[in-house]
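*Asks:* Everything below, folded, please.
(one chain, ligands or ions: 1)
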Amino acid sequence: MNYQSTRDKSISVSSAHAIKTGLSAEGGLFVPESFPTVSLKEIKELSSKSYNERAYFVLSKFLTDFTEEELKDCIEKAYKKEKFGTSSIAPLYKLSNTTYFLELWHGPTCAFKDMALQILPHLLTTSMKKTKEDKEIVILVATSGDTGKAALEGFRDVNGTRIIVFYPDNGVSEIQKLQMVTQEGNNVNVAAVRGNFDDAQNGVKKIFTDNEYKSLLDRNHFKLSSANSINWGRLVPQIVYYFSAYAELLKNNEITAGDKINVVVPTGNFGNILAAYYAKKMGLPIAKFICASNENNVLTDFINTGIYNKNRDFHTTISPSMDILISSNLERFLYDLTERDDKVITDLMNSLNTKGSYEIPENIKQKMQSEFYAGCCDDAETMATIKKCASEYDYVIDTHTAVAKFVYDKYASETGDKTKTVIASTASPFKFNQSVLIALKDHTAVVGKDEFTLLNELSEESNMQIPKSLYELKDKSIVFDLVCDKDEMHQIVSDFLMVE
Ligand SMILES: *Cc1c(COP(=O)(O)O)cnc(C)c1O
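*Replies:* Presented below is the predicted three-dimensional model:
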């Protein structure tokens with residue numbers, strides 16, 4: 001199967017090429033030329049299979065230029081019991097007779113980004129080999145928290161790659177900072193940038209677009225690459241866990257094969273929910289997609305009105321991984337809704353670039369609304385949802401997952417829909433311990449306490465074990481204490497790679 005670009009469908013490349021390049025040259029995103037279909041019989045068979053077998057089943061339908069051996073090797077390296085603490089990799093938790101949480105946070109960094117970033121480095125290095133690229137890959141990341149750590153863990157000690165992560169000096173939580181500055185691995189580097197996330201991101205963009213610098217790296221046998229969520233290699237592993245969730249429901253006799261389920265996703269860049277939509281295109285029985293946003297509710301407005309408008313205030317919330325005004329993966333969704341109209345997509349994206357907004361035609365809007373419901377909630381509602389879920393069900397969720405639960409409850413009470421529903425649970429509550437503890441108790445509960453005291457208290461409050469990777473931070477030594485100005489970022493890269 002080949003891949004085309006959302007802005008020029010005459011382009012046709014292999015999956016290895018799509019993964020290696022990330023973005024198409026004219027700015028479009030790579031999408032499969034068609035969607036492989038899956039029969040109900042095959043879905044039933046998945047219920048007796050392991051997560052890794054389910055992953056092979058889905059990935060092999062998309063990455064047709066990879067050999068069986070190559071794919072299985074990537075999967076085995078990514079989804080190991082030792083890394084996820086459970087052989088089910090993405091366990092399904094039954095909350096009630098209608099509601100299930102798909103726990104996507106058992107990976108090494110305690111957030112769902114691991115589901116894709118544990119396998120991406122292997123897909124990427126395999127793609128490099130397949131396309132006869134012999135340079136060493138250098139991954140540059142600017143992070144506001146979750147992505148940087150997940151990318152570091154994914155790429156650490158992967159042969160043929162190096163990774164450099166820049167985070168804003170004062171822009172990440174204490175635990176996120178600790179996770180990064182104690183990073184282990186023989187190919188990793190981490191630096192703090194004086195400024196905010198935008199400063200770090202602009203610095204990285206500058207390096208990516210500096211052709212002179214690129215040729216210097218080229219001469220030294222390095223090739224810059226990014227690990228961001230528009231890469232097909234990050235999206236395709238996310239389709240797997242929706243099939244896996246359905247297979248678990250079948251296995252536990254919660255549904256019978258063919259029953260439709262709803263899916264709820266706390267959404268930022270639209271990657272996770274798009275993966276669910278792609279699963280449905282392949283034949284997974286899904287009724288409604290419920291798209292949940294925090295106060296940065298650009299997607300809620302878009303789905304409800306057909307107008308995307310990023311000209312609005314940016315809110316810093318307690319669900320920071322969803323603080324986003326441009327949802328990049330929406331482009332892939334619109335490409336599909338318009339029945340692959342690359343001209344329309346190019347126009348919409350140009351409008352987004354120049355005016356910061358666009359409006360989709362009425363018929364496309366109706367098509368979208370027939371399958372998608374959207375809602376949002378603020379920080380106070382997020383907090384109240386954490387508290388309510390804990391007292392009603394004795395189950396503690398993180399801030400992002402709480403946004404999803406809130407919007408699902410709103411949907412269920414508005415519609416009376418009793419369809420069995422899977423909510424994507426995207427982070428461990430321990431990763432956002434401060435907000436979660438305040439929600440469960442009150443503001444005074446956290447005052448003057450260090451991260452490790454907070455982890456212990458949350459453990460007592462929730463009857464959950466502190467994830468090993470967070471607990472062990474206490475005894476890790478700090479490896480990276482580099483702080484730089486944004487115009488020194490080039491130099492940091494050069495020093496690390498020893499080029500001049
Ligand atoms: C990245 C992230 C999200 C948003 O996912 P998208 O694929 O960008 O929509 C939600 N929750 C958590 C915890 C995340 O890290």
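*Asks:* Around the ligand, which positions in the stretch 251-400 of the chain sit nearby?
*Replies:* Contact residues (Cβ under 6 Å from any ligand atom) of the stretch 251-400 of the chain with the ligand: 266, 267, 268, 269, 270, 271, 272, 321, 322, 400. Placement of C-beta: from N, CA and C, glycine included.
*Asks:* ditto for the stretch 401-500 of the chain
*Replies:* Close to the ligand, as judged by Cβ under 6 Å from any ligand atom, the stretch 401-500 of the chain has residues 426, 427.
*Asks:* Helices of the stretch 401-500 of the chain, start to end?
*Replies:* 433-440, 451-462, 468-471, 489-497 (DSSP state H, counting those that start in this stretch).
*Asks:* Export those helices to TSV and append columns for distance to residue 173.
*Replies:* Listed next are the helices of the stretch 401-500 of the chain as TSV, based on distance: least, Cβ to Cβ, whole Å:
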stretch	distance to residue 173
helix 433-440	7
helix 451-462	9
helix 468-471	12
helix 489-497	22
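*Asks:* So which of those helices is nearest residue 304?
*Replies:* When the helices of the stretch 401-500 of the chain are compared by Cβ to Cβ, helix 433-440 sits nearest residue 304, at 27.2 Å.
*Asks:* So what touches that closest one?
*Replies:* Residues outside helix 433-440 that contact it (Cβ atoms under 8 Å, 6 or more residues apart in numbering): 173, 175, 318, 382-384, 386-387, 390, 396, 398-399, 402, 429-430, 445-446, 451, 454-455, 457-458, 461-462.
*Asks:* and the angle for it with helix 451-462?
*Replies:* Using axes from the mean of the first three to the mean of the last three Cα atoms, to 10 degrees, the direction of helix 433-440 lies 40 degrees away from that of helix 451-462.
*Asks:* Just the CA atoms of helix 433-440, as CSV, please.
*Replies:* What follows is helix 433-440, C-alpha atoms only, in CSV (Å, rounded to 0.1, in the frame of the first residue of the first chain):
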residue,chain,number,x,y,z
ASN,A,433,-0.4,14.4,41.2
GLN,A,434,-0.7,18.1,42.3
SER,A,435,-4.0,18.8,40.5
VAL,A,436,-5.4,15.4,41.3
LEU,A,437,-4.6,15.7,45.0
ILE,A,438,-6.2,19.2,45.1
ALA,A,439,-9.3,17.7,43.4
LEU,A,440,-9.5,14.8,45.9
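*Asks:* Pull the contacting residues for whatever residue of the stretch 101-250 of the chain ends up closest to the ligand.
*Replies:* For the stretch 101-250 of the chain and the ligand, the shortest gap (Cβ to the nearest ligand atom) falls at residue 146, measuring 4.0 Å. Counting by Cβ under 8 Å, 6+ apart, residue 146 makes contact with 109, 111, 113, 176, 321, 427, 431.
*Asks:* How about residues contacting stretch 382-389?
*Replies:* Counting by Cβ under 8 Å, 6+ apart, 95, 294, 317-319, 377, 395-399, 402-403, 405-406, 409, 429, 435-436, 438-440 sit against stretch 382-389.
*Asks:* In this structure residue 88 contacts residue 49, no?
*Replies:* No. Applying Cβ atoms under 8 Å as the test, residue 88 and residue 49 come out as separate, 11.4 Å apart.
*Asks:* hang on, the earlier thing: show the pLDDT at the residue of the stretch 101-250 of the chain closest to the ligand.
*Replies:* For residue 146, the model assigns a pLDDT of 82.
*Asks:* what do you get for residue 80?
*Replies:* With respect to pLDDT, residue 80 has a value of 96.
*Asks:* Residue for residue, what is the longest helix this structure has?
*Replies:* Using DSSP state H, we find that the single longest helix of the chain is helix 232-251.
*Asks:* what is the rounded mean pLDDT of that one?
*Replies:* 98.
*Asks:* after it comes which helix or strand?
*Replies:* With elements assigned by DSSP states H and E, the helix or strand that comes after helix 232-251 is strand 261-266.
*Asks:* helix/strand/coil for residue 358?
*Replies:* Assigned by DSSP: H, G, I helix; E, B strand; the rest coil, the conformation of residue 358 is strand.
*Asks:* what about it, neighbour count?
*Replies:* Residues near residue 358, counting by other Cβ atoms under 10 Å, number 21.
*Asks:* what about it, distance to residue 350?
*Replies:* 9 Å (Cβ to Cβ, to the nearest Å).
*Asks:* Strands of the stretch 251-400 of the chain, start to end?
*Replies:* Applying DSSP state E, counting those that start in this stretch to the stretch 251-400 of the chain gives strands spanning 261-266, 286-293, 307-309, 357-359, 372-376.
*Asks:* Would you mind finding the most buried of those?
*Replies:* strand 261-266 (a mean of 27; mean count of other Cβ atoms under 10 Å).
*Asks:* That strand pairs with which strands, and in what direction?
*Replies:* strand 286-293 (parallel), strand 421-425 (parallel) (DSSP bridges).
*Asks:* which regions of this protein lie under the pLDDT threshold?
*Replies:* The chain contains no residues with pLDDT under 70.
*Asks:* Next, count neighbours for residue 461.
*Replies:* Other residues close to residue 461 by other Cβ under 10 Å number 17.
*Asks:* The helix or strand hosting residue 59 vs helix 232-251, what angle?
*Replies:* In the assignment (DSSP H and E), residue 59 maps to helix 51-62. Interaxial angle of helix 51-62 relative to helix 232-251 (the same axes, to 10 degrees): 130 degrees.
*Asks:* In PDB, could you pull the C-alpha coordinates for helix 51-62?
*Replies:* What follows is helix 51-62 as a C-alpha-only set of coordinates in PDB (Å, rounded to 0.1, in the frame of the first residue of the first chain):
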ATOM      1  CA  TYR A  51      -1.500  -7.200  22.300                       C
ATOM      2  CA  ASN A  52       1.600  -7.800  20.200                       C
ATOM      3  CA  GLU A  53      -0.300 -10.100  17.900                       C
ATOM      4  CA  ARG A  54      -3.100  -7.500  17.600                       C
ATOM      5  CA  ALA A  55      -0.500  -4.900  16.700                       C
ATOM      6  CA  TYR A  56       1.000  -7.100  14.000                       C
ATOM      7  CA  PHE A  57      -2.500  -7.700  12.600                       C
ATOM      8  CA  VAL A  58      -3.200  -4.000  12.200                       C
ATOM      9  CA  LEU A  59       0.300  -2.700  11.300                       C
ATOM     10  CA  SER A  60       0.800  -5.400   8.600                       C
ATOM     11  CA  LYS A  61      -2.200  -4.100   6.800                       C
ATOM     12  CA  PHE A  62      -0.700  -0.600   6.500                       C
END
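*Asks:* Buried residues in that helix, which are they?
*Replies:* Buried positions in helix 51-62, judged by neighbour count with 16 or more other Cβ atoms under 10 Å: 51, 52, 54, 55, 56, 57, 58, 59, 60, 61, 62.
*Asks:* Next secondary structure after it?
*Replies:* Proceeding N to C from helix 51-62, the next assigned helix or strand is helix 68-78, under DSSP H and E.
*Asks:* Packing partners of that next one?
*Replies:* Packing partners of helix 68-78 (3 or more Cβ pairs under 8 Å, 6 or more residues apart in numbering; DSSP states H and E): helix 51-62, helix 120-130.
*Asks:* Work out the gap between the longest one and the centre of the chain.
*Replies:* Meaning helix 51-62. 19 Å (Cα atoms, centre = their mean, to the nearest Å).
*Asks:* now swap in stretch 390-400 and tell me
*Replies:* On Cα atoms, centre = their mean, the centre of stretch 390-400 falls 22 Å from that of its chain.
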